[in-house]
Structure formats: structure tokens, C-alpha cells
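sequence and predicted model, in that order:
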Amino acid sequence: MLTILVLLSLAYGLDGADVVLSCSLIEEGGGMGMGMGGMMGGSTFKRTPSTLVFRDLVGNDDLSPELVTPYNPPETPNADDLIFELMLSSVQIPNADSLLHADCNEQEVFCEISSYVPHGADPESAPAHFIGSVQLGGGGLSLTLVLQTLSSNTVESDTPPLLQSKLKLPLSQSGTLMTEVVFVVFSRVPSMMAPIGSDVVLDCGFRQKDSIHGQDVALEWRLQYRGNGHKILEMKARATETEVGSDVLVKQEGTSAEADLLVRDGNASLTLRRLKVTDEGTYICTVGSGEFQTQQVVQLHIKQPPRVTLSEDKLIFQDETPQKLSCHCHRYYPLDVQVEWLSQLASAEEPVSFSKESSLSSHRQHSDGTYSLSSYLILRPDEHPPGTVVTCRVSHTALETHRDASLTVDRLEPKTAFWTIVLMLAISLVFLYQAFKSVAEVQSSEGM
Ligand SMILES: *[C@@H]1O[C@H](CO)[C@@H](O)[C@H](O)[C@H]1NC(C)=O
């Protein structure tokens, strides 16, 4: 009996891993603050510091106890405090444990809250709704949460609950705004890069508290690029008892999303095939289900590393005439590329930069959107004696470090040939002499 109790409290303690994020409440300046993402241009926004507390964020099974940091609300509730307490009981957020790790690794987290009105709802009526945007720094998990206020019906007290001074919503006994996550659209990979010609899956998914069987799920993917946007894919899917029905309203060539995955797993990912430079941009995944609709942004960067070649395989100075060497960077994307020239004498420990003496061609753009560029260097024989290694070093965002193309300055051929012949002759002579000697010895011994 006692053991069971201990085990239970331990399990409870593990599940009770809370994550506390500092957030901003965004309101449209002066207005009612009904904007969805708070991204409308032109209008002014007011930011108020607030706190977001994820209660019972269930992480991995291997969640270690030191990660569990229960949140302690302020001693005395304050009407000016803006603490959103999030109950996740009914919606499971995939990879939510990464939030937990971010919390203790002090990884940067971007967090914003704004008011939200569900489709067809009366903005004045209870419960109130909010949108919470949470993004982990460094391209981790990104969440757009729809929060719904919970009425605190647990306490039956004569004194009316404290009202939050700004939102005029009742606070819990511990001074927090109790909310429940009712809908979430997320991406576990909100920023990705891929080379031309590859296939990618842009990660987007949703979870919902009450999903009604047979309810439509609407999915839309848009691509924004430098101010222009267009619809890539639009579909409506619905699961009946036996099958999944879907209407695809818009579908750009080479793209696809699975109606099955959408309604059964909440998987709204978009597949893009044979990537082109023009596929680069900001993708917006919008999922609507029931009265809720919200979005998630996924950035796609096209990165194609350059192929680097030198104009010559080897370099030999015939006389004192300087020679020109070119380094070609082929078909890379995006535009920025750096070319450095290095020269290292056979005896030297470190290479010397010759970049200042080089010149660049202009960028050439190919029909597939990639670029090419050449760099030229004039080499003088006195500076680059035989044995010197000349390197063209190219740096580009698609390369982890850099890419090198090198050659070694050779000795002038005729000389090499002459000395080789002399050496070969000498060896042959010694060999012939030895052979004669032994033959003569054999003959003389036979003669005896
Ligand atoms: C969606 O399904 C694809 C393909 O099965 C998978 O790679 C991806 O991780 C899934 N994404 C989500 C958000 O479930």
C-alpha cells in the first residue's frame, strides 16, 4: 500500500514537469487587439510582458528528475500579473520535451500571445481565446497554440475572483489565467535547407482537443517570396467510418500532401519534389478544423554548393614569364561566394594569401537559377618555385567549411628528363658491370 503511494507520487512528480517562458502579450495599439498573428503592417502594437506556464508537460520516459522544476506561482495574487497557465491534458504536443530542455539549457525561446476569436464565435462571450506562438531558438520546435480560458469552478467562495486588470478575466486562486490548449499547429523543422533537385518534406502538423468524427480538416500551403505569395496546395479532407474523402482544390505540380495522414495523424506536411531555386521561400501551413484555424511558418532555403576546378592540372614555368591560373566555381546557390588564393612553398609551414593579386569575373546566372564565377591569379615564377602548392579556396554557405582545388608547381620537364636519363644510365652501367663480372666468374670457375 505504501509502495503504491510512493510510486504514484513519483509518477506524478515526473509528469509535473513545468516549463515557464517569458512572453509578450501583443495588442493592436488602441484597438481591441483581435489580430491573429499580430503581423499586420501599418498598425502599432503594444507589448506587455507576460508569463506562459506549461503545466504537466509530459516529456520522454527517460525524463530525469532534475529536469522537473515545478512552477511556483507568486505568493499573493496580483491583478496586474499576466500569467497564462496552460493545461495540456487533452492535447499532446510532439517533441514537447525539447521545450523542457530549452528551459534548462537557457536556449532562446521566442514567445508571443495575442487575442483570438474562433470562427463564428462572439468575441465578447466566454470562454476567451488566445493564440500563443512559441519558437525555440536555432530552428527547434515551433508551436502556434490556441488557448481557451477555463472557468475556475473549483472554489465556491463568496468573494468574487480577482479580475486581471488588463484582460478583465477572472484569475485563479494562485493569480494565474487558467487556460487549456484546444488546438495546436506545429512544425518540428521550421527552417530547412536542401540542394537543387532533391525532394523535401516540409514538416507541419496539428492536434486538437475535441475532434468530431467526419469533421472537415482544411489544409492550405502558401509560398511567400519577397512580398509575393501564392497558393501551392489546398485541400479539404474528412474521415468517415470507413474511408478518408478529400477534395484537392489547388495543387501545384510536384507538390503533395496526404489526406489520410492529415485526418488520421494530424500530419499536414507538404512534399516538394525535384527542388528548383524558385521553390525557395517562406511556406505557410494553415490548418482549419471546426472553429479553429491557425498557421505555422516553415522556411525553405535552397543551398547548392559550388563545384570548384582549376584551369590547369599542373603548372610549369618555362622561363620568367608569369602565368595565369583560373579557379572556376560552378553552379552554386545562393549568390554569395568567397574565393581565396593560397600559396605554400615546399619549405614553408603556413600558406601565404595571394588573394589581393587576384581578380574576379562577374557572376553568371544559369537558367536553373544557379550561379558560376571565376577568379584569376597571375603567378610569377620567382614567387612560386617548383614544389609550391597553389590552392584556390572557396567558401559558400552550402559548404560546412570550404572547398579547395590545388596544384603543385612542377620542375621544368627537360631538366628532369636529362637527370633521369643520367641516373638511369648510371644504374644500368653498374648493373651491366655486375652481370659481366658474375658471368666471367662462372666461366672461370667452369674452366677450372
Ligand atoms: C508526416 O509524415 C511524413 C511521412 O510519413 C513524416 O516524414 C513526417 O515526419 C510526418 N510529420 C508530422 C508532423 O507528423
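Okay, I see it.

roughly how far apart are the closest residue to the ligand within the chain and V134?
With Cβ to the nearest ligand atom, the shortest gap between the chain and the ligand falls at G205, namely 3.1 Å. (Each C-beta comes from the backbone N, C-alpha and C, glycine too.) When Cβ to Cβ, to the nearest Å is applied, the distance between G205 and V134 equals 15 Å.

so which of the two has more stuff around it?
Per other Cβ atoms under 10 Å, whichever of G205 and V134 has more neighbours is V134, with 25 against 21.

any idea what the more buried one is bridged to?
The residues listed as beta-bridge partners of V134 by DSSP bridges are C111, L143.

was I right about it contacting C111?
Yes - if you go by Cβ atoms under 8 Å, V134 and C111 touch, sitting 5.2 Å apart.

show me the contacts for D81.
Applying Cβ atoms under 8 Å, 6 or more residues apart in numbering, we find D81 in contact with T51, P74, Q164, G175, T176.

most surrounded residue in the residues you listed?
Counting neighbours by other Cβ under 10 Å, T176 comes out on top of the contacts of D81 with 23 neighbours.

and the strands in the stretch 1-150 of the chain?
For the stretch 1-150 of the chain, applying DSSP state E, counting those that start in this stretch gives strands covering 19-28, 45-55, 83-87, 109-116, 129-136, 142-149.

who wins for proximity to V422 among those strands?
Proximity to V422 (Cβ to Cβ) singles out strand 129-136 among the strands of the stretch 1-150 of the chain, at 71.1 Å.

can you check what angle separates the closest one from strand 19-28?
Between the direction of strand 129-136 and that of strand 19-28, the angle (axes from the mean of the first three to the mean of the last three Cα atoms, to 10 degrees) works out to 120 degrees.

and the contacts of strand 129-136?
Where contact means Cβ under 8 Å, 6+ apart, the residues beyond strand 129-136 that reach it are 21, 23, 36-37, 52, 84, 86, 98-99, 102, 107-118, 121, 141-149, 179, 182, 190, 294.

let's see it at 7 Å
Strand 129-136 is touched from outside by 21, 36, 52, 98-99, 102, 107, 109-118, 142-148, 179, 190, 294, with contacts defined as Cβ atoms under 7 Å, 6 or more residues apart in numbering.

tilt between it and strand 142-149?
Taking the same axes, to 10 degrees, one finds strand 129-136 and strand 142-149 inclined to each other by 150 degrees.

going forward can the numbers begin at 880, since that is how I track them
Shifting the count to begin at 880 puts that one at strand 1008-1015.

now strand 1008-1015: mean pLDDT?
Mean per-residue pLDDT for strand 1008-1015: 94.

only alpha carbons, please: show that strand as PDB.
Taking C-alpha atoms only, strand 1008-1015 is exported to PDB below (Å, rounded to 0.1, in the frame of the first residue of the first chain):
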ATOM      1  CA  HIS A1008      -9.300  32.600 -26.600                       C
ATOM      2  CA  PHE A1009      -5.700  33.400 -27.200                       C
ATOM      3  CA  ILE A1010      -3.000  32.500 -29.700                       C
ATOM      4  CA  GLY A1011       0.400  31.600 -28.300                       C
ATOM      5  CA  SER A1012       3.400  31.500 -30.600                       C
ATOM      6  CA  VAL A1013       6.300  29.700 -29.200                       C
ATOM      7  CA  GLN A1014       9.500  29.200 -31.200                       C
ATOM      8  CA  LEU A1015      12.700  27.600 -30.000                       C
END
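
chain center to the strand or helix carrying V1177: distance?
Assigned by DSSP states H and E, V1177 falls within strand 1171-1181. Computed by Cα atoms, centre = their mean, to the nearest Å, the separation of strand 1171-1181 from the middle of its chain amounts to 12 Å.

quick check: residues of the stretch 1180-1327 of the chain near the ligand?
Near the ligand, no residue belonging to the stretch 1180-1327 of the chain is found when assessed by Cβ under 6 Å from any ligand atom.

okay, now R1153: neighbour count?
The burial metric for R1153, expressed as a neighbour count using other Cβ under 10 Å, is 11.

for F1315, what are phi and psi?
The phi and psi torsions at F1315 (degrees, to the nearest 10) take the values phi -60, psi -40.

and the one 4 residues further on, by the same measure?
Here is the backbone geometry of A1319 (degrees, to the nearest 10): phi -60, psi -40.

how about it, what does it touch?
By Cβ under 7 Å, 6+ apart, the contact list for A1319 is empty.

packing partners for the strand holding V1177?
On a contact count with 3 or more Cβ pairs under 7 Å, 6 or more residues apart in numbering; DSSP states H and E, strand 1171-1181 meets strand 1021-1028, strand 1056-1066, strand 1070-1073, strand 1079-1081, strand 1160-1168.

now tabulate the strands of the stretch 880-1029 of the chain in JSON lines and tack on distance to T1157.
Shown next, in JSON lines, are the strands of the stretch 880-1029 of the chain (distance: least, Cβ to Cβ, whole Å):
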{"stretch": "strand 898-907", "distance to T1157": "33"}
{"stretch": "strand 924-934", "distance to T1157": "33"}
{"stretch": "strand 962-966", "distance to T1157": "40"}
{"stretch": "strand 988-995", "distance to T1157": "29"}
{"stretch": "strand 1008-1015", "distance to T1157": "26"}
{"stretch": "strand 1021-1028", "distance to T1157": "24"}
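
any chance of the ones you listed in a markdown table, plus distance to the ligand?
Shown next, in a markdown table, are the strands of the stretch 880-1029 of the chain (distance: least, Cβ to the nearest ligand atom, whole Å):
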| stretch | distance to the ligand |
| --- | --- |
| strand 898-907 | 21 |
| strand 924-934 | 19 |
| strand 962-966 | 21 |
| strand 988-995 | 20 |
| strand 1008-1015 | 16 |
| strand 1021-1028 | 12 |
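
quick one: low-confidence parts of this structure?
Along the chain, segments meeting pLDDT under 70 span 880-895, 909-922, 937-949, 968, 982-983, 1031-1037, 1091-1092, 1292-1297, 1321-1327.

just the helices from it, written as ranges.
With DSSP state H, the ranges of helices along the chain come out as 881-894, 976-984, 1138-1144, 1292-1326.

run the contact check for the third one versus the ligand.
This points to helix 1138-1144. Yes - using Cβ under 6 Å from any ligand atom, a contact is recorded between helix 1138-1144 and the ligand, made by L1140, D1144.

name the helices or strands packed onto that helix?
Secondary elements touching helix 1138-1144 (3+ Cβ pairs under 7 Å, 6+ apart): strand 1096-1104, strand 1107-1118, strand 1123-1130.
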